[in-house]
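*Asks:* Give me the fold of what follows.
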Amino acid sequence: MSERLRAVVEHLDLQPGDRVLEIGCGHGVAATLVCERLDGGHLTAVDRSPKMIEAARRRNAHHVEAGKAEFLVANLEDMDLGDRRFDKIFAARVGLFHREPERARALVEPWLAPGGAVFAFFDTPDR
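*Replies:* Down below sits the predicted model:
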């Protein structure tokens, strides 16, 4: 398991009932770590790549079957999550959050629950 992603998830200070949105879930490694900390909470993970979403679903099949997680193919600029609200929204190594943090935050704020928080993590690939 990735120590970098483990540190990211630890930094989220997840509570068992949190509703979590992960932007750019890739293979679903962080999703696994998030779901292991949820009890009554829920993870929605999105990625623009159907291939990555399929890999994340496979990795987390038992969390999906238990209703704890869902994985959606979506592009941040175009996605519509309706009236859903999240306690924690996070992105790890998602370029938009690094290049244009204000724009990225504006895109996710409609889904942020009152008192919720947005987390963006970006480091160089050689770390």
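*Asks:* distance of residue 92 from residue 6?
*Replies:* As for residue 92, its distance to residue 6 is 11 Å (criterion: CB to CB, to the nearest Å). To be clear about C-beta, it is placed using only N, CA and C from the backbone, and glycine gets the same treatment.
*Asks:* okay, the two: which has more neighbours?
*Replies:* Taking neighbours as other CB atoms under 10 Å, residue 92 and residue 6 compare with residue 92 leading, 23 against 13.
*Asks:* The more buried one touches residue 5, doesn't it?
*Replies:* Yes: using CB atoms under 8 Å, residue 92 makes contact with residue 5 at a distance of 6.5 Å.
*Asks:* Regarding residue 78, what is its secondary structure?
*Replies:* Here residue 78 is recorded as coil under DSSP: H, G, I helix; E, B strand; the rest coil.
*Asks:* Excluding chain neighbours, what is closest to the residue nearest to the spatial centre of the chain?
*Replies:* Residue closest to the average C-alpha location in the chain (CA atoms, centre = their mean): residue 22, at 0.9 Å. Leaving aside its sequence neighbours, residue 22 sits nearest to residue 45 (CB to CB, 6 or more residues apart in numbering; 4.2 Å).
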